[in-house]
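Chemist: Sequence first, then the predicted structure, then my questions.
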Amino acid sequence: MAGEYFGWGVIEEGWRKGPWTAEEDRLLIEYVKLHGEGRWNSVSRVAGLKRNGKSCRLRWVNYLRPDLKRGQITPHEENIILELHARWGNRWSTIARSLPGRTDNEIKNYWRTHFKKKAKSSSANNEKARARLLKRQQFQQQQQQQQQQPTPQQQMNQIALKKIMSYLDEDDQHRLPTLPQARQDMAALYPNSTAEDQQGFYYPVFNGYGFVPEAHNDENVWWDGLWNLDDHGEWCKQSCSA
DNA sequence: AAGTTCTGCAACCGCATTATT
DNA sequence: AAATAATGCGGTTGCAGAACT
């Protein structure tokens, strides 16, 4: 390493690294005001900042942008993060697009600190819930085999089930939203969905032992309603064909 | 009170993709 | 069309402060 000295705040090959000072922030804000976002590599030349382009972009995007929300992630935002992470995995920038004012870095950090580590602590309830879901999965497979050719809806349900199973690997079940919360989130996520669409979305609810279809005792109703929106259908079709 | 461990988060790194020359 | 530069993304690191022993 060719640093001027080792540790945080080092100057390496002419570039400053480490925490930003108030003066550096001021220079970067001034630069963006005058020249707009982009062309980050010219910041050092134009604004006299000893920071490379990547560092400048990161600082602006994650900290200085005026449209950033700041403050605690709300429970509603948390639900959206959970929902979208279940759907997209670690595609943080994709998830961030659905949360105005939040950055991919912020969401990534939030996920890691609040959810990721819980993956390692598998509780007895977790095991029970997994067993129940596994049973359902086997039931579904059996049904499909009997009918030879699974319907697209059955395929969708299979994919949805796998997603929930992966959820249990990575999260405490009680963090999953209740049905009304889930519907509210779906409405926010899919503004074009009709009230009927949202009513058709049944979210499995953890009751202390495993997942049950809230307000629906008939298993088939739950299965048919799960991941019922068109967009989810599209995603399932893609997953099925992949 | 002091030392250690844990937690949250800003910032870095490497790689992939996109834009420019 | 190829080379180079710029940008974007996800994973990781390291610091500071809080919590714990």
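Modeler: Cool, got the structure.
Chemist: Tell me the residues of chain A that contact DNA strand B?
Modeler: Contact residues, chain A versus DNA strand B (CB under 7 Å from any atom of the strand): A:12, A:16-20, A:54-55, A:58-59, A:62-63, A:105-106, A:108-110, A:112-114, A:117. Heads up, the C-betas are built off the backbone N, CA and C, glycines and all.
Chemist: Any quick PyMOL command for the buried ones out of these?
Modeler: Buried residues among those (16 or more other CB atoms under 10 Å), as a PyMOL selection:
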select buried, chain A and resi 16+17+20+55+58+59+106+108+110+114
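Chemist: Tell me which residues of stretch A:27-45 come out buried.
Modeler: Quick answer for stretch A:27-45 (16+ other CB under 10 Å): A:27, A:28, A:29, A:31, A:32, A:40, A:43, A:44.
Chemist: Give me the domain ranges for chain A.
Modeler: According to the TED database, chain A comprises the domains A:15-66, A:70-118.
Chemist: hey, which helix or strand in chain A has the poorest pLDDT?
Modeler: helix A:219-225 (a mean of 29; mean pLDDT, DSSP states H and E).
Chemist: ok and the residue in chain A nearest DNA strand B?
Modeler: residue A:113 (3.2 Å; CB to the nearest atom of the strand).
Chemist: Could you verify that that residue is part of a helix?
Modeler: Yes: counting by DSSP: H, G, I helix; E, B strand; the rest coil, residue A:113 is found in a helix.
Chemist: And the pLDDT for it?
Modeler: Residue A:113 is assigned 83 on the pLDDT scale.
Chemist: Going by mean pLDDT, which of the domains of chain A comes out lowest?
Modeler: domain A:70-118 (a mean of 85).
Chemist: quick one: is that domain near DNA strand C?
Modeler: Yes: on the criterion CB under 7 Å from any atom of the strand, domain A:70-118 is in touch with DNA strand C at A:90, A:91, A:92, A:93, A:94, A:104, A:105, A:108, A:109, A:112.
Chemist: so how far is residue A:55 from the third one?
Modeler: What it means is residue A:92. 19 Å (CB to CB, to the nearest Å).
Chemist: what does residue A:109 give?
Modeler: Distance from residue A:109 to residue A:55, by CB to CB: 18 Å.
Chemist: How about residue A:88?
Modeler: Counting by CB to CB, the separation of residue A:88 from residue A:55 is 27 Å.
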